[in-house]
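1. Provided below for reference: sequence and predicted model.
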Amino acid sequence: MDTNMETKKLGNTDIFVTPVGMGVLTIGFSQLDLPLEKGAGIVRYALEKGINFLDTAEYYRTYPYIRRALDELAPLFISGALPRPVIASKSLTHSYERMAKAIDDCRKALDMDQIDIFLLHEVWEASDFENRLGAWACLEDAKSRGWVNAIGISTHHTDVMEKAAATDGMDILFPLINFRGLGIRKGSGPGTKEEMAQIIRIAADKGIGIFGMKALGGGNLMADYKKALDYAAGLTGITSIMIGMGREKDVDNAVSWAEGALPEDFTPDITDKRMFVDRSDCTGCGACLKRCTSKAIYLDSEGLAAVDNEKCVLCGYCAPVCPVRALLLL
């Protein structure tokens, strides 16, 4: 068991997190869909290896995996042999009432009086934040009542980041950032990594805690694993990088990187990985179909992209043309 990974303070909060966190979405129904015991085992393994930061969401349906891992590790938490993890969750809802239910459901599902971090999930364009002010007001009230420690938003958009950084009471930002700018948006069009990096720096200067998502571009930057993580972690204002983990070797690679033990030319083994489509993001625009030279992508009965893994050659050409970062290598 390795519990000596360094932790850093997340903005002006009293929350300390490891430089890498486990994105729990990967083990859930929309991606690897692991059985409960197997998925909980990955969460438990990450915590035992020293990672203290877990990211989940109402939509992910992964609370049972986390609860099982926490229950199994309870004796170590009680004895102090292992620190209790920091847990961030999120909800896509717009209303005050629905957000209140999302927070209550999370607290009950995880058997926690207080959730460390709770966010508005995937805020799309600045107008979306305005449309979700009821949910935001609920987060503010939940924080004042002690049900949540810190509040904020997650987003792929630079314009949303700019608005959030200027919003009173914003504790946490969870933006998409990677060295190729895959999936970064600005309004209804593409954004740039330079714009996102600048706003991250501005927000951090205001004391907002920031952890980054999709540093590996949904797995599509795995060939540049160390470069990708070094880039995101090296940006001024980034405290931690959240990485989707679905296998023990994913945890091992992330921990080795965080501890500075990876060689410069490290390339992870991806022979058992496959291309997936995140159906919560896909808009069915068809850009990936036009780019796929192997004819491995098609639109399913719901008009969303799907991958025929018998034809897919893992070339990665599809991912850069996706405007919403829905293509993942898992």
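-> Thanks, I have it. Residues are numbered from 1 along each chain as shown.
2. now do the SS call for residue 149.
-> Assigned with DSSP: H, G, I helix; E, B strand; the rest coil, residue 149 falls in the strand class.
3. for it, which non-adjacent residue is closest in space?
-> Excluding its sequence neighbours, the residue lying closest to residue 149 (CB to CB, 6 or more residues apart in numbering) is residue 116, at 5.0 Å. In this view, the C-beta of every residue, glycine as well, is placed from N, C-alpha and C.
4. so the one you found, which state does it fall into?
-> Judged by three-state DSSP, the three-state class of residue 116 is strand.
5. wait, it touches residue 16, no?
-> No. At 10.4 Å, residue 116 does not count as touching residue 16 under the criterion of CB atoms under 8 Å.
6. tell me, what's touching these two both at once?
-> Shared contacts of residue 116 and residue 16 (CB atoms under 8 Å, 6 or more residues apart in numbering): residue 86.
7. name the residue in the two with the higher neighbour count.
-> Here residue 116 and residue 16 are set side by side on neighbour count (other CB atoms under 10 Å), and the busier one is residue 116, at 22 against 16.
8. mind listing what residue 226 touches?
-> Contacts of residue 226 (CB under 8 Å, 6+ apart): 257, 262-264, 266.
9. would TSV of the residues you listed with distance to residue 157 and neighbour count be doable?
-> Shown next, in TSV, are the contacts of residue 226 (distance: CB to CB, whole Å; neighbours: other CB atoms under 10 Å):
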residue	distance to residue 157	neighbour count
257	27	21
262	31	18
263	35	8
264	33	7
266	31	14
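10. so what's the residue nearest to residue 149 up against?
-> The neighbourhood of residue 116, defined by CB under 8 Å, 6+ apart, consists of 15, 86-88, 148-150.
11. out of those, which is most surrounded?
-> Using other CB under 10 Å as the neighbour definition, the contacts of residue 116 reach their maximum at residue 88, which records 29 neighbours.
12. which strands or helices does the helix or strand containing that residue pack on?
-> Element membership of residue 88 [criterion: DSSP states H and E] is strand 86-91. Judged by 3 or more CB pairs under 8 Å, 6 or more residues apart in numbering; DSSP states H and E, the packing partners of strand 86-91 are strand 53-55, helix 96-110, strand 115-120, strand 172-175.
13. which one of the ones you listed lies closest to residue 310?
-> strand 53-55 (32.1 Å; CB to CB).
14. phi, psi of the nearest residue to residue 237 once chain neighbours are set aside?
-> Closest residue in space to residue 237, ignoring its immediate chain neighbours: residue 204 at 2.9 Å, by CB to CB, 6+ apart. The phi and psi values for residue 204, taken as degrees, to the nearest 10, are phi -60, psi -40.
15. can you count the residues close to residue 204?
-> Counted with other CB under 10 Å, the burial measure for residue 204 works out to 19 neighbours.
16. now residue 324
-> Applying other CB under 10 Å, we find 17 other residues in the vicinity of residue 324.
17. any idea how far stretch 76-95 is from the chain center?
-> Stretch 76-95 sits 14 Å away from the centroid of its parent chain (CA atoms, centre = their mean, to the nearest Å).
18. any idea of the mean pLDDT in it?
-> Regarding stretch 76-95, the rounded mean pLDDT is 96.
19. touching, residue 113 and residue 107? I think so.
-> Yes. Look at residue 113 against residue 107 with CB under 8 Å: they come within range, at 6.8 Å.
20. of the two, which one has the most company?
-> Between residue 113 and residue 107, counting by other CB under 10 Å, residue 107 is the more crowded of the two (18 against 8).
21. circling back: among the helices and strands packed on strand 86-91, which comes closest to residue 245?
-> Among the helices and strands packed on strand 86-91, the nearest to residue 245 by CB to CB is strand 53-55 (9.9 Å).
22. show me what the lengthiest helix in the chain is packed against.
-> Using DSSP state H, we find that the single longest helix of the chain is helix 63-79. In this structure, helix 63-79 makes packing contacts with helix 36-48, helix 96-110, judged by 3+ CB pairs under 8 Å, 6+ apart.
23. rewinding a little: from residue 12, how far off is the residue nearest to residue 149?
-> Distance from residue 116 to residue 12, counting by CB to CB, to the nearest Å: 15 Å.
24. what's the answer for residue 45, then?
-> 32 Å.
25. so between the two, which is more surrounded?
-> More neighbours surround residue 45 than the other of residue 45 and residue 12, with 18 against 12 (other CB under 10 Å).
26. correct me, but the more buried one touches residue 248?
-> Yes. Contact criterion CB under 8 Å: residue 45 and residue 248 qualify, at 5.4 Å.
27. show me how the chain divides into domains.
-> Annotated domains of the chain cover 8-258, 275-329 [automatic domain parsing].
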